[in-house]
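[1] Here is a sequence together with a model predicted from it:
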Amino acid sequence: MNSPLGKTFPLGRLACRVSTMAVAAALSFGSTALAYADVTLSAIVPYTKIDPDYGRLQETYERFHAANPDITINFDYLDHDAYHNKMQALAISGNLPDVLTLWPGKRTGYLTNRGYAKDLRPFIQRDGVDKMLRPVFTQAQAPSGDVYEIGVPYVNFTNVVYVNRKLLDQLGLKYPATLEELMGQSKAIREAGYRPAVFGDQSNWVLQSCLLSVLVGRLGTPEWFANALAGKDGAGFTDPPFVNALQKIRDMVDAGFIDVSEPSTTREQALSTFVSGRSVYLIGGIWEVVNLTSALPADMKDAVEMHPLPAVAGAALAGVDSSSGQPATGFGMSAKLDDDKAEAAWKWIKFNLDPSNKDIDVKYGMLPIYTSDVGISDMLTDPLAKSSYAFSSSIKDVLPVLDDRLDAEGVTQVINAGLQELVLGSVTPQDLAAKYEAWVAANDSNRKAK
Amino acid sequence: MVLAARSNRASYALLAGPAIVIYGLVIVVPVLYSLVLSFTDWAGMGVPNFVGFTNYVVMFSDPIFWWGLRNNGLVVLVSLIGQIPLGFFLAYVIYRRLVRHSGFFEAVIFFPALMSPVVVALLFGVVFAPSGLVAEMIGRATGNPMFSLTIFNTKNTAIIPYLIVLLWMYTGIYFIIFLANLQKTSPEMLEAAVLDGASEWNILKSLIVPQQIPVFLTSAIYAVAGSLKSFEILWIMTNGGPSYYSNVLGLYMIQNTFSFYKYGFGSAIAIVVILLSVFMILILSSIAARFSRRFEQGAT
């Protein structure tokens, strides 16, 4: 021990230990880095490479990958219907991709209702994402309160009243404050040789999605709607809010506001009627902005206004700052993901809704809305895009869309078909409501969940 | 003898075997598979549960099914008493050179059958739209610019535009089939009939029609099978609407199977369509056999 190294031995041992620890630490770090570098996620999206969403996804991913070179996502692209078919098969076989494209409503219920998607609430709350988003984007997507997806914070509003202001001025009319006044304009508009409003309901979901939903949402309280869905406390679709909403539609037919030809008019024909200045109002979703932008002559773009439906007499929501809508589709993750993959997937999900990417969203026609102004209106030049953003920002209450919350079969075969019969006068609001309530009670998954 | 018989059997098996196997795989197996599925609640995923005759009970109690069946009946009728007789008549007129420029008329009559059903559906969708071509013409003729075509607004008449489209589009197919078969008629026989002083009506009734009975039967089978399964034009043109007024069984099946993921229920509809086709074809065969016997007896 008295060797010349005696004094140096502890130092050498220390050096050895330090170097061992350093190597171990480096290895440990390396293995973590290596593991993270190896995070490769799989994803399938419901559109093909010719879809505008493809371009948006590519640009967003390029920016994401530049900021997170350690995460790679391999995307697969499928047509909308093929996507749903394949996802069902993959779910059954236990081969779901890591990143899922999900709908906030029932469309991907075959995944979210069966435990295939992870609840994002822990991530949302941990990172305070809910503070920058309006409540509609992080609201419960299941009776348990789970949130399975978040996308670009953009609401697909299904009720927007597009107004040809030039025509309205020419007729000496103003956009009315109440639905009754709106109906009251029909006679004057028809006498002048114009159609009061066009919908284009041949595909049969338009009247339900773009008119009935907002009427039901305003006439009933959110509590009533939740109870009617679940069949709680005796609530159902024979209750006054639903029957009265149907009655309002019948009243609009009787007043001449809705034409009896609507059930056999296509969306394209309706749009053409509005663009060619033959109708004063076009009622549809916010997506019509894209169609109108390309179809309207330049001088008419300034003359088209976007309004919410006027106030409805007897409504629980008396104001006009509400519209029916649903958040856009977004990304979720497979319930099977381990911690590393889940963190990587969450980074991607969060990146998509980050305001710093708003330029990409705006470029592709999505105008996200946040709790605070992030300067989107300054980026817009097209008058219709400006109107669209102003409309979206002005809506305080996003009301449920029926086909987003109730089973497709009942909505399509009973409500959508029944609304066309209601317009044609073959069924009464009461009978249609009773028929639908019977269907929901016997078949709808919301009631079965109860 | 035994060796020869065995050799014959082997030859038959060798020649017919591949066709039988392919037919079995493409036709028999899917039909049997559909039959089995029709007794389940299979939703396209998971394990199907046996539900007995529930799908059939639900289907037979659904007014949309019966209305679709009624509309299918009208489609079959238009095929049998519209497309086939009209196709035969036009073929006869061209064959007997009762009009000039027969080549031009051949092309014009057959042209619609060459068009894509999607294009035809979109075209006639515009023609029969409430504010489409027909409405525009009537509006101008009557001086009413707000005129709107209401044929779709009535439950009983909503299918009529589709029937008109079918008549326009598929008559050309039967026209070509009949024209090809008429051209096989012996010219000497027709000449002899003319020399004997037979009128055009007698030539048609006593010479041409009896020869064409097998063609009528083949066309009728083709028409029935095609009429019961067709839906694509209707899907694009009216989407089965307004409401379910112009729905047909094919569309009803597609909607239930692929929109609502009711594969078991959709299979039950498919089985009913198959049974209906077979039943109607058997009836047609027996009618044609009776006609053939009558003409053969008449000839002897």
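    Here it is on my side, so go on.
[2] Quick check: next helix or strand after the helix or strand containing B:A4?
    Element membership for B:A4 (DSSP states H and E) is helix B:2-23. Counting by DSSP H and E, the next helix or strand C-terminal to helix B:2-23 is helix B:29-37.
[3] Now do the helix or strand just after that next one: which elements does it pack against?
    Where DSSP H and E defines the elements, the next helix or strand beyond helix B:29-37 is helix B:54-60. The contact analysis (3 or more C-beta pairs under 8 Å, 6 or more residues apart in numbering or on different chains; DSSP states H and E) places helix B:54-60 against helix B:263-299. Using the backbone N, CA and C atoms, a C-beta is placed for each residue, glycine as well.
[4] The helix it packs on packs against which elements?
    Counting contacts by 3+ C-beta pairs under 8 Å, 6+ apart, helix B:263-299 is packed against helix B:29-37, helix B:54-60, helix B:63-78, helix B:209-229, helix B:249-254.
[5] Show me what counts as buried in that helix.
    In terms of neighbour count (16 or more other C-beta atoms under 10 Å in any protein chain shown), helix B:263-299 has its buried residues at B:263-274, B:276-277, B:280-281, B:284, B:288, B:291.
[6] Export the helices and strands packed on helix B:263-299 as a markdown table, with columns for mean neighbour count and mean pLDDT.
    Supplementary listing: the helices and strands packed on helix B:263-299 in a markdown table, determined by neighbours: other C-beta atoms under 10 Å in any protein chain shown; pLDDT from 0 to 100:
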| stretch | mean neighbour count | mean pLDDT |
| --- | --- | --- |
| helix B:29-37 | 14 | 94 |
| helix B:54-60 | 17 | 96 |
| helix B:63-78 | 19 | 95 |
| helix B:209-229 | 19 | 87 |
| helix B:249-254 | 23 | 93 |
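[7] Relative to A:F331, which of these is closest?
    helix B:249-254 (30.9 Å; C-beta to C-beta).
[8] now check the closest one, is it near chain A?
    No: Helix B:249-254 stays clear of chain A (C-beta under 8 Å from any C-beta of the partner chain), getting no nearer than 9.9 Å.
[9] From the chain's centroid, how far away is that helix?
    Computed by C-alpha atoms, centre = their mean, to the nearest Å, the separation of helix B:249-254 from the middle of its chain amounts to 15 Å.
[10] Then stretch B:236-249?
    Distance, stretch centre to chain centre, for stretch B:236-249: 18 Å (C-alpha atoms, centre = their mean).
[11] Regarding it, how distant is the last residue from the first?
    15 Å (C-alpha to C-alpha, to the nearest Å).
[12] Report the buried residues of stretch B:165-176.
    For stretch B:165-176, a neighbour-count test (16+ other C-beta under 10 Å) marks B:V165, B:L166, B:M169, B:Y170, B:T171, B:G172, B:I173, B:Y174, B:F175, B:I176 as buried.
[13] could I get these as TSV with pLDDT, distance to A:L367 and secondary structure?
    Shown next, in TSV, are the buried residues of stretch B:165-176 (pLDDT from 0 to 100; distance: C-beta to C-beta, whole Å; DSSP: H, G, I helix; E, B strand; the rest coil):
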residue	pLDDT	distance to A:L367	secondary structure
B:V165	95	42	helix
B:L166	94	46	helix
B:M169	93	45	helix
B:Y170	93	49	helix
B:T171	95	52	helix
B:G172	94	51	helix
B:I173	94	52	helix
B:Y174	95	56	helix
B:F175	95	56	helix
B:I176	94	56	helix
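[14] Looking at the helix or strand hosting B:W201 now, give me its mean pLDDT.
    Using DSSP H and E, B:W201 sits in helix B:200-202. What helix B:200-202 shows for mean pLDDT is 88.
[15] Stretch A:203-219 too?
    95.
[16] gap between that stretch and the chain center?
    In terms of C-alpha atoms, centre = their mean, the centre of stretch A:203-219 is found 15 Å from the chain centre.
[17] do the same with stretch B:68-85
    For stretch B:68-85, the distance to the chain centre is 8 Å (C-alpha atoms, centre = their mean).
[18] what's the answer for stretch A:181-195, then?
    33 Å.
[19] about what we covered before: what lies in contact with the helix holding B:A4?
    By C-beta atoms under 8 Å, 6 or more residues apart in numbering or on different chains, no surrounding residue is in contact with helix B:2-23.
[20] What's the nearest residue in the stretch 201-300 of chain B when you look at chain A?
    Closest approach between the stretch 201-300 of chain B and chain A, counting by C-beta to the nearest C-beta: B:P242, at 3.5 Å.
[21] on that earlier part again, going by neighbour count, list what's buried in the helix holding B:A4.
    Taking 16+ other C-beta under 10 Å as the criterion, helix B:2-23 shows none as buried.
[22] Pull the distance from it to the chain's centre.
    The chain centroid and the centroid of helix B:2-23 are separated by 35 Å under C-alpha atoms, centre = their mean.
[23] Please identify the helix or strand for A:L41.
    Here A:L41 is assigned to strand A:39-45, by DSSP H and E.
[24] What is that strand packed up against?
    Against strand A:39-45 (3+ C-beta pairs under 8 Å, 6+ apart) you get strand A:71-77, helix A:80-93, strand A:99-102, helix A:339-352.
[25] What pairs with the first one, parallel or antiparallel?
    In other words, strand A:71-77. strand A:39-45 (parallel) (DSSP bridges).
[26] tell me the contacts of the nearest residue to A:Y116 once chain neighbours are set aside?
    With C-beta to C-beta, 6 or more residues apart in numbering or on different chains as the criterion, A:Y116 has its nearest non-adjacent residue at 5.1 Å, and that residue is A:A91. A:A91 makes contact with A:Y110, A:L111, A:R114, A:Y116, B:M45, according to C-beta under 8 Å, 6+ apart.
[27] nearest to A:Q413, of these?
    Using C-beta to C-beta, these come closest to A:Q413 at A:Y110, 19.2 Å.
[28] ok, the closest one - how many residues close by?
    19 (other C-beta atoms under 10 Å in any protein chain shown).
[29] I'd like to know how far it sits from chain B.
    7 Å (C-beta to the nearest C-beta, to the nearest Å).
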